[in-house]
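> Return a 3D structure for these sequence lines:
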Amino acid sequence: MQSGKKKVVVGMSGGVDSSVAACLLLEQGYEVIGVTMQIWQEEKAQAPTQDGGCCGLSAVEDARRVAQVLGIPHYVMNFREVFRQKVMEYFTSEYLKGQTPNPCIACNRYVKWEALLSRSLAIGADYIATGHYGQILQLSNGRYTLGMSGTNKDQTYALYSLTQEQLSHTLMPLCRFDKKEVRRMAQAYGLPVAGKPDSQEICFIPDGDYAGFIDREAGDAVPGPGNFVGADGSILGRHRGITHYTIGQRRGLNLALGYPVFVTQIRPSANEVVVGRAEEVMTKELTCSHLCHMGVEAFHSGDRFLAKVRYGHKGAYCRVECVEEGLLRCIFDEPVRAVTPGQAVVFYQDHCVAGGGTIV
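Got it, this is the predicted structure:
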C-alpha cells in the first residue's frame, strides 16, 4: 500500500540548520529523505577544516550521523561537474574581468536548486527543502516569492534568482525561527551537530585566499602587477594584480598618500586599480543586467523598491528605469557605498523579493 505522505528531499549540509529542518519536516508528517551534495571535494580528499564547511567530507559524515538519529535514509549525490562549471569557473572568470562575483548565489540557483530539484523529482519527491532562513509565499498575483525571515539570519538576498518552478517545489521550515532557537531545538532533538559552528568562508576556498585560488585555476591568464591610479589617471603606486582587490577595499593597498584611500574602480583592460577618497566610493545610481523576476512579472520605469546591493546591506530606497531590454537603472534616494560590479542588487517590496539582477 502506497503511503499518502508527501515526500521531501532535504539538502543536508551536515550543519545545524538543515538538520533541524529535517526534524521539523518529520514532525509535520512528511516522508523525509536526506541528501548531501558532493560538489567540490574528491571522495578521497581530507576535510580541510574542523567544521568542514557546507560540502566537505566532514559534512557527509555529520549529515549521515544526523540521519541515523532521525531514522531517515541518507544519500550522497555527486554534483561536482555542474558545480565546477556553474560556480568555480564562473567565480574565476568574473574576477579576471574585474568583477566581484557571489558564488553562493550561483550555487543556490544551479546546484542546490536546479540540479538537486531535477534529481529529486526524478526519484518521486514532491519537494526539496533546505535550512535557509526565508519564507516561501504565493502572492495575490499568483507568483511565488520569498518573504524576509524577520530574523538577523535572513538569507533571501542570496536566493533572489530562484525560478517560479523551483520555489513551487521548495520548503523552508526555518522561516519563523532565529539561529539561537534553532540551536536550542537541535539540542532538544539530541542532534550531534547542535554545537557545530557556521562555515564562514567560500566552501571551495577554505583558507580565504581568493587570489591564490584564481592563480591556481587560471594560471597564465591571471594578469600580473599593474598601477594604482587616481580618477585623473595619475599613477599612485603599484598593485599586486586586480584579482586581489574589490570595490570599497581599504586594507592591503599599502599606499602612503597622507589620507585614507579606497578602491573605486577596477580596469582589467588597462590592468589598473583606481583609488580615491571615501566620498568617491559613494554613488546614487547603478545599472544591472541578467534580470530575475520573482514577486513581479516585469519591472516598469518608476517602480520603487528597497534595494540591497550586498548580503550585509540593510537596504536603501530607490526607483528604477528600464534602459533597454534586459537592462535596468536603479536611482537611490540617498548615496550608497561600494556598489560593486558582479554583485547582485535585490529589490524588495513589502518585505518580499520582487526580483534582482547583476550589477554592471
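
> From the contact counts, what lies against the lowest-mean-pLDDT helix or strand in the chain?
Least confident helix or strand of the chain, by mean pLDDT, DSSP states H and E, is helix 57-70 with a mean of 91. Applying 3 or more CB pairs under 8 Å, 6 or more residues apart in numbering; DSSP states H and E, one finds that helix 57-70 contacts helix 16-27, strand 31-38, strand 74-78. From N, CA and C alone the C-beta is placed, and that goes for glycine too.

> Compare the ones you listed and report which one is nearest to Ala194.
Taking CB to CB, helix 16-27 is the member of the helices and strands packed on helix 57-70 nearest to Ala194, at 6.2 Å.

> Please give me every residue in contact with the nearest residue to Asp126 once chain neighbours are set aside.
Leaving aside its sequence neighbours, Asp126 sits nearest to Lys6 (CB to CB, 6 or more residues apart in numbering; 4.6 Å). Neighbouring residues of Lys6 by CB atoms under 8 Å, 6 or more residues apart in numbering: 30-31, 126-127.

> Pass me the low-pLDDT residue ranges in the stretch 51-200 of the chain, would you?
51-57 (pLDDT under 70).

> Going along the chain, name the strands of it.
Under the criterion DSSP state E, counting those that start in this stretch, the stretch 51-200 of the chain contains strands at 74-78, 127-129, 135-138, 144-147, 170-171.

> Can you verify my assumption that Thr145 contacts Gly355?
No: assessed by CB atoms under 8 Å, Thr145 is found out of contact with Gly355, at 9.0 Å.

> any common contacting residues for the two?
294-295.

> Let me see the confidence value for the nearest residue to Arg80 once chain neighbours are set aside.
What sits nearest to Arg80 in space, not counting adjacent residues and going by CB to CB, 6+ apart, is Ile39, at 5.9 Å. pLDDT recorded at Ile39 is 88.

> Next, Ile39: phi, psi?
Torsion angles at Ile39 (phi, psi; degrees, to the nearest 10) stand at phi -120, psi -20.

> Tell me which residues touch it, please.
Counting by CB under 8 Å, 6+ apart, Ile39 has contacts 55, 79-80, 83, 87, 107, 111, 203.

> Would you reformat those residues as a markdown table and include distance to Cys322 and neighbour count?
Formatted as a markdown table, these follow (distance: CB to CB, whole Å; neighbours: other CB atoms under 10 Å):
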| residue | distance to Cys322 | neighbour count |
| --- | --- | --- |
| Cys55 | 38 | 25 |
| Phe79 | 36 | 22 |
| Arg80 | 39 | 17 |
| Phe83 | 34 | 25 |
| Val87 | 30 | 26 |
| Cys107 | 29 | 29 |
| Val111 | 31 | 21 |
| Cys203 | 36 | 22 |
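
> end-to-end on stretch 148-162?
This stretch, stretch 148-162, spans 15 Å end to end (CA to CA, to the nearest Å).
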